[in-house]
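**Student:** Okay, here's the prediction I keep looking at, along with the sequence it came from:
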Amino acid sequence: MFEFRSLEVVHWDYWQRFQLPLDASIVTVVGPNGSGKTTLLDALRTLLAIEDRDTARDYKTYLRHNGKPYAWLRAVVSNSPDRRGGRPFFPIKDDQVTLACRIRKRGGDWSRDYQIVGGDVPVETLEQGGEWLGVRDYRVRLAGAGLTRAICRVLTLEQGATDKLCQYSPRELLQLIFDVFEDKAVLDDYQRARTEQFDVEKELQQLGQDLAGLHLRLESAKADVRSFEDYNALRNQRQRLETEIAPKVELADQRNAIEGAKPRLTGLRRALRERERMLDDMQREDAVASGGRETLVEAMREARRQVAASEQTFTQARDAARDAEMLVKRRDELARLQAQRGELDVDALSAAVENGRRRQAELKLEAERDRKRAGELAAQLAALSGGGRIVEPFERDFRSSLLKADIDHHVLTELVEIVDPQWSVAVEAVLAPYRHLLVLENPKDARTAWQLGESQQYRHFIVAERAPVPKPSAGSLLEVVRFSADPPAWLPRQLDRIRRVTDIEHGSRLPAQQDWITQKGYLRESRGGRHIGGNQQHFGSGARQSQLAELRVEQETIVQRAHSREAELQELSQRVDADQSRLLGLDATQELVTRAGEFAAAAERLPELAEAAGAAAAALSEARARIDAAGDQDKAEGIAAAKRQGQIDALARELRERGSQINGERHSLIQRIVDYRRKRAIMPESWRTAAALHAAREEYESASAVRREMERIDDRLERGGFVTDESCVPLRDKIGADHDDLASSIMRREGHLDRAKRLTEEARGAYINVLRATVRRYKKNLAALGELAGIGVDADMPELANNDVALAQAGLSVRFDFDRKGWIGLDDGEASGGQQVMKSLLLLVALLRDEDQPGGFVFIDEPFAHLDVFNIEKVGRFLRATDAQYILTTPITHNLNVFDPSDLVLTTSKRRGGNTWAEPVAVLKRQVEAKGKAA
């Protein structure tokens with residue numbers, strides 16, 4: 001390492017310019033306090049670019065005092081070859097090297113430039129040019145010349161800090177050793193790496209938490225995508241049902257309906273031909289019967305003429321006998337009245353006669369009403385017995401209008417048959433509002449029928465749209481109903497939606513949207529539940545039989561009421577006549593006197609006239625018997641003819657209806673075939689094959705089942721709360737990609753972290769050996785310096801392990817033995833002030849000692865503070881025994897022993913008042929000859 005030979009300062013603090021020799025091993029700078037001793041050391045530190053001092057003063061502080069815009073620091077140092085022949089400032093091979101620092105003020109701030117040149121080069125020559133270096137490059141060159149970081153660290157010790165090294169704790173001392181020997185920077189790098197690894201671990205933990213949160217978001221996004229896929233699947237399924245399955249099933253239903261309608265149409269035609277043959281037979285039979293009845297009618301005319309002649313004879317004989325009899329009876333009645341004359345109550349008899357006449361009128365009016373009702377019952381019974389039905393007047397009038405307009409039609413009651421009688425009440429209750437519904441055979445007649453319905457205010461449905469009955473669902477009300485012809489298209493669907501349940505409890509267990517009805521007629525629908533059952537029957541053969549029974553009971557009641565009424569009328573008539581006769585008996589005596597001859601002649605002729613009337617009555621009775629017999633025969637023939645005519649009319653009507661039905665079904669079949677072909681033509685070929693249609697029917701049994709499934713899907717889509725935004729799919733993919741990227745990044749970084757931790761641990765474990773070598777080197781230096789100073793020194797090797805805690809707590813314990821008085825520690829309070837200084841110097845110089853590069857220099861500010869004469873001499877001997885160059889400072893003291901070890905004394909002085917510049921430093925150099933003589 002190099003040593004100082006001279007120093008030149010220009011405009012440094014209050015020194016204008018001077019040059020000092022420093023070519024001595026020990027240089028002592030002496031002067032009063034504030035005279036510039038530390039200023040001189042700071043000039044050397046600035047020249048060496050040392051700035052690690054913990055002080056408020058730096059080179060800029062010294063330049064502000066004199067007001068000059070520049071300053072120079074120039075030193076001449078040695079460049080001698082070492083034991084291996086290497087020079088500190090190679091490739092400079094001069095024995096001396098000039099170190100220069102030029103400080104200038106630029107832009108309001110100070111800047112430094114450094115230069116290293118061979119030989120002793122003055123400032124003026126340096127100012128003319130050369131290779132100027134920056135602070136960093138300059139430090140690198142000095143480090144190559146031996147000015148290590150350890151020496152720089154020692155050169156930064158403050159004034160009075162020399163004796164403070166022994167006050168360090170073992171841990172602080174070890175840290176200082178590592179710091180000086182540049183091991184602490186390596187350990188700091190390791191610790192920084194460990195801190196960074198800890199930060200990375202925390203960051204990875206945070207990333208792990210972020211990954212967990214991202215995982216939750218990913219699961220939520222997946223759930224949204226599943227919901228969206230379910231939504232799309234339901235939509236696709238519904239679209240498939242609507243666009244493919246429904247047309248297929250409807251086409252299959254139409255095909256089945258067509259295939260089922262053809263045999264039915266054939267059967268209807270066969271039945272029509274059979275009925276036509278029956279009509280022909282009945283018409284021939286009626287023609288034969290009509291011929292025989294004409295003969296009977298002629299015989300009846302002859303019998304009537306005979307009866308008329310007999311009646312005339314009988315009337316004359318009867319009138320004569322009656323007149324005679326009446327006279328006799330009048331005589332007897334007058335005699336009786338004359339006998340009862342004193343017992344009569346005229347007012348009571350008059351009231352009785354009046355009440356009797358009134359009661360007779362009431363009974364006759366009731367009899368008239370019963371005769372009208374009996375006629376209606378006979379007509380209704382005849383209609384029901386002939387297979388017809390009871391038609392109310394408004395319906396009969398409207399249907400007559402339809403027939404006049406040649407509009408064939410049926411009433412719904414003619415088409416419905418209830419299969420299961422147990423459910424007749426429920427079916428009747430549901431269909432009761434439609435018992436007057438009319439179904440048109442030909443849909444083209446709808447407009448005319450509606451016009452008639454509007455004009456006659458027909459308040460019931462007129463339906464033109466008819467459709468085959470689909471297969472009923474299991475348990476539906478449609479299962480117990482059969483239709484003789486196609487009903488309105490909406491009616492089977494309505495019946496199929498209603499479930500049959502045994503009781504209310506059974507129905508309450510069904511879904512809320514399901515309609516149901518009990519056998520007693522309690523209906524539950526979307527609007528609520530109510531009882532709609534009744535006792536009236538209108539549909540099916542059971543309704544006709546029930547109505548027949550009711551009408552016959554009513555007819556029998558009317559007959560019984562007529563018999564009772566006839567008996568009452570006869571008895572009432574006799575009583576009224578008797579009362580009337582009693583009222584007339586008041587003039588009986590006078591009439592007996594005045595008509596005595598007339599009464600006697602009548603009594604004499606009465607037997608003869610009675611005999612003649614009897615003979616005439618017998619003849620009339622015989623004639624009447626003959627005409628009655630002919631009349632009975634004619635009546636029987638008339639009844640038979642009426643029956644035949646009714647049967648013929650009914651059969652003709654049935655033929656017309658069957659013909660209309662066949663025509664309607666034929667047109668309906670044709671329309672279905674046309675619709676079937678039209679729908680089939682617009683469908684893809686793969687859809688309309690028999691296998692495709694069969695597969696569709698296997699999947700869904702009917703079009704209503706398809707509609708129910710579509711309604712179920714619609715309800716599920718409405719209530720399911722599905723995610724409908726398609727952006728959830730790219731969102732899931734993005735979150736999934738972010739999740740995978742983050743997971744892979746975490747895995748990759750964890751791998752890098754594990755590798756870095758392993759490499760750091762391995763490298764630091766290997767560097768522990770370097771630390772141990774550093775401690776052994778320092779321990780060796782301490783022992784060597786202790787021998788030179790005559791002080792026993794011992795140090796315990798610290799426990800250095802590859803562990804953060806062990807390295808942080810490790811310390812170097814050093815013990816000293818002064819004058820064989822026993823071992824003392826670093827700062828245990830047993831050492832004197834001088835011993836404290838000696839310990840500190842040993843610890844300090846041991847940091848600088850280098851056997852490979854002997855020499856070097858040390859700045860020690862006031863090392864003799866608080867030392868007595870003996871210790872000052874001891875310190876001086878120790879300093880002379882070492883190979884380094886020392887630049888010491890000391891204040892002016894009365895003890896001259898502080899100058900004993902010095903070969904060169906530099907004396908500073910304070911700036912005198914009024915002077916701009918301070919006095920130059922005085923130089924006192926020891927002569928070597930004199931020193932030898934003194935020895």
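**Tutor:** Now that the structure is in, tell me what you want to look at.

**Student:** measure the residue nearest to residue 746 when sequence neighbours are not counted to residue 219 for me?
**Tutor:** By the measure of C-beta to C-beta, 6 or more residues apart in numbering, the closest residue to residue 746 outside its immediate chain neighbours is residue 207, 5.3 Å from it. To be clear about C-beta, it is placed using only N, CA and C from the backbone, and glycine gets the same treatment. Relative to residue 219, residue 207 is positioned 18 Å away (C-beta to C-beta, to the nearest Å).

**Student:** Looking at the two, which is more packed in?
**Tutor:** Counting neighbours by other C-beta atoms under 10 Å for residue 207 and for residue 219 shows that residue 207 has the greater number, 18 against 13.

**Student:** so that one is in which element?
**Tutor:** Residue 207 belongs to helix 183-240 when elements are defined using DSSP states H and E.

**Student:** which stretches of the stretch 501-650 of the chain form strands?
**Tutor:** Counting by DSSP state E, counting those that start in this stretch, residue ranges of the strands within the stretch 501-650 of the chain are 515-517, 522-525, 528-531.

**Student:** Most tightly packed of the ones you listed?
**Tutor:** Using mean count of other C-beta atoms under 10 Å, the stretch among those with the greatest mean number of neighbours is strand 515-517 (a mean of 22).

**Student:** Paired strands for that one, with orientation please.
**Tutor:** Taking DSSP bridges as the criterion, strand 515-517 sits next to strand 498-500 (parallel), strand 522-525 (antiparallel) in its sheet.

**Student:** Format these as CSV; extra columns: mean pLDDT.
**Tutor:** Putting those into CSV (pLDDT from 0 to 100) gives the following:
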stretch, mean pLDDT
strand 498-500, 91
strand 522-525, 89
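
**Student:** what's the angle from whichever helix or strand comes after the helix holding residue 207 to helix 183-240?
**Tutor:** Sequence-wise, the next helix or strand downstream of helix 183-240 (DSSP H and E) is helix 246-339. With axes from the mean of the first three to the mean of the last three C-alpha atoms, to 10 degrees as the criterion, the two stretches helix 246-339 and helix 183-240 enclose an angle of 50 degrees.

**Student:** packing partners for helix 246-339?
**Tutor:** Counting by 3 or more C-beta pairs under 8 Å, 6 or more residues apart in numbering; DSSP states H and E, the packing neighbours recorded for helix 246-339 are helix 540-584, helix 588-594, helix 596-682, helix 690-699, helix 703-719.

**Student:** May I see those arranged in TSV, with distance to residue 265, mean neighbour count and mean pLDDT as well?
**Tutor:** Conversion of these to TSV gives the following (distance: least, C-beta to C-beta, whole Å; neighbours: other C-beta atoms under 10 Å; pLDDT from 0 to 100):
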stretch	distance to residue 265	mean neighbour count	mean pLDDT
helix 540-584	24	14	72
helix 588-594	88	14	59
helix 596-682	6	15	78
helix 690-699	22	14	82
helix 703-719	23	15	87
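
**Student:** isn't the residue nearest to residue 746 right up against residue 742?
**Tutor:** Yes. Applying C-beta atoms under 8 Å, one finds residue 207 in contact with residue 742, separated by 6.5 Å.

**Student:** Once you drop chain neighbours, what's closest to residue 141?
**Tutor:** Nearest residue to residue 141, sequence neighbours excluded (C-beta to C-beta, 6+ apart): residue 116, at 5.8 Å.

**Student:** what's the distance between that neighbour and residue 95?
**Tutor:** For residue 116, the distance to residue 95 under the criterion C-beta to C-beta works out to 15 Å.

**Student:** The two: who's more crowded?
**Tutor:** Residue environment comparison for residue 116 versus residue 95 gives the larger neighbour count to residue 116, 20 against 13, counting by other C-beta under 10 Å.

**Student:** Would you double-check that the more buried one falls in a strand?
**Tutor:** Yes. Counting by DSSP: H, G, I helix; E, B strand; the rest coil, residue 116 is part of a strand.
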